[in-house]
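Undergrad: Have a look; sequence and predicted model below, questions after that.
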Amino acid sequence: MISAREALQRLQAGNERFVVHRSEHDTLTSVERRLTLTAAQEPFAVILGCSDSRVPAEIVFDQGLGDLFVIRVAGNIVASSQIGSVEFAVEVFGTPLVVVLGHTGCGAVNATVDQLEQPEREQSPNLRSIVDRIRPAVEPLLESGLRYGRSELVRRAIRANIRASVDQLRGGSAILQRHVEHHGLRVIGAEYSLDSGRIDFFEGVDRLD
């Protein structure tokens, strides 16, 4: 298996191809490729991303079948099932890199800001469970005075939520901690721009060997 840094470089190169419209996706989803994966898989990166239909991980990273182990949930939040899925990929496949992928204009973060500013009594308990996981990243920003500038508040809240998810993965699993300490696993955060298509890896990249 490649290193975490090499995995990041592959993701960066793939995103650059996506941005300039030089995708290799068709060749990576060929019949031959599919048949080579029937017995086993070795995804080189785990992507914990948002469910937003505009941010499909395999496409924006220009990767094909068997390359990425993708977990998608609104707001790229971290709950026990997401941690367990990451643990599975790291333990079983030896995947060296985990990326928490958020994006600009995140609806789940916007909904959290709305709920904190004007609470709805009738909000679905299922939606509330998502908001409650994003809330700790947003509340300090509201208290800082950024509540007076909505666009800046949301921009910072999106990044704060990504960082919070990264921290939860790093600190919420003894299995992942062991792999970080002894096997070179790295967990980083990134943000996809809906406007440009570019992905900014801004959290934890300095921890790569």
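TA: That came through, no problem. Numbers count the residues shown, from 1 in each chain.

Undergrad: what residue ranges in this protein score low on pLDDT?
TA: The chain contains residues with pLDDT under 70 at 25-29, 145-148.

Undergrad: hmm, 90 instead?
TA: Counting by pLDDT under 90, the chain contains low-confidence residues at 1, 23-40, 115-128, 142-152, 204-209.

Undergrad: Could you name the residue of it that is farthest from its center?
TA: Distance from the C-alpha centroid of the chain peaks at residue 121, with 30.2 Å (CA atoms, centre = their mean).

Undergrad: Name the SS class of it, please.
TA: coil (DSSP: H, G, I helix; E, B strand; the rest coil).

Undergrad: mind listing the strands for the protein?
TA: In order along the chain, the chain carries the following strands (DSSP state E): 45-49, 68-72, 97-103, 186-192, 199-203.

Undergrad: what helices or strands is the first one leaning on?
TA: Translated: strand 45-49. With contacts taken as 3 or more CB pairs under 8 Å, 6 or more residues apart in numbering; DSSP states H and E, strand 45-49 sits against helix 4-19, strand 68-72, helix 80-88, strand 97-103. Yep, even glycine has a C-beta here, placed from its N, CA and C like the rest.

Undergrad: before we move on, back to that, please determine how far the residue farthest from the centre of the chain is located from residue 75.
TA: 21 Å (CB to CB, to the nearest Å).
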